[in-house]
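> Below are the sequence and a predicted model for it; my questions follow.
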Amino acid sequence: MNYLSHFYVHQKDEDPMYSLGLILPDISRGFVKVPGKLNKDEYLSFMPLAQGCLQHYMADKQFHSSHFFKWGSQVCTEILKDAPFEGEVNRRWFMGHVLFEMLLDRIIVNHQPMVAEHFYQELSAISLARLKDFVILHPHQDIEKFLHIFHHFRSAAYIKNYPDNNIFAFSLSRIIKKAGLPELSLSNKIVLQECVWELENNDFKNVQSVLFQLKEVFN
């Protein structure tokens, strides 16, 4: 799942460190090895944050083995396979996987915007010094760069802009670029926007059903 979906499904009332844990394994990838994997004393010292990390791993395992994920990824992959992209656009199955997870976040922002507001409020309450103390307990690298990335992530609050078609296409293009694929051209971003429009007006039209199915994965 993507960042906001993790928070939407498993948030706890007024527990910023737990909320951070729900997204930390993803946002720290490449900087921190298996965040939350600690000895007993370390775990107790950072219990809400460590619990959030462990919940993230369990949620990803459940989600990626669910019928809902297989359905959503297949729907997105099929439309991308048939899309008239210019030039060679490889690994459309991977793009379909990413698109599905990002679409879930976009749906949440569009139809339950206070979830995103609460999400960023929780992250804004995090002490960078406390986060650094947690990271130091793990195998890690370039900790200052990671802290800068995290601070930018919570300050920019870019997920709140997912309803903007241009920003949404740009965000997906950046993700596939990080995975080693060529960034989408301007014309191909337009094609992607058309795919999103078609998905949202067909398979993802019943928003309440989609969000219900998302939560049902974990019941």
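Nice, I can see it. Numbering: from 1, shown residues only.
> so which helix or strand takes in residue 72?
Element membership of residue 72, judged by DSSP states H and E, is helix 67-81.
> which helices and strands does the helix or strand that that helix is followed by pack with?
Sequence order places helix 92-111 as the next helix or strand after helix 67-81, per DSSP H and E. Using 3 or more CB pairs under 8 Å, 6 or more residues apart in numbering; DSSP states H and E as the contact test, the elements touching helix 92-111 are helix 3-10, helix 67-81, helix 113-124, helix 165-178, helix 186-200, helix 207-216. In short, each C-beta sits where N, CA and C put it, glycine included.
> quick one on the thing from earlier: and the helix holding residue 72, average pLDDT?
Helix 67-81 carries an average pLDDT of 96.
> In that helix, which residues are buried?
For helix 67-81, burial by neighbour count (16 or more other CB atoms under 10 Å) applies to 68-69, 72-73, 75-77, 79-80.
> Output those residues in CSV, with distance to residue 15 appended to each entry.
CSV is the format used below for these (distance: CB to CB, whole Å):
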residue, distance to residue 15
68, 26
69, 26
72, 28
73, 31
75, 34
76, 32
77, 36
79, 38
80, 37
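> Residue 205: what secondary structure?
Secondary structure, DSSP: H, G, I helix; E, B strand; the rest coil: residue 205 is coil.
> measure the residue of the chain most remote from its centre to residue 137 for me?
Within the chain, residue 41 marks the point farthest from the mean C-alpha position, 29.9 Å out by CA atoms, centre = their mean. Between residue 41 and residue 137 the computed distance is 10 Å (CB to CB, to the nearest Å).
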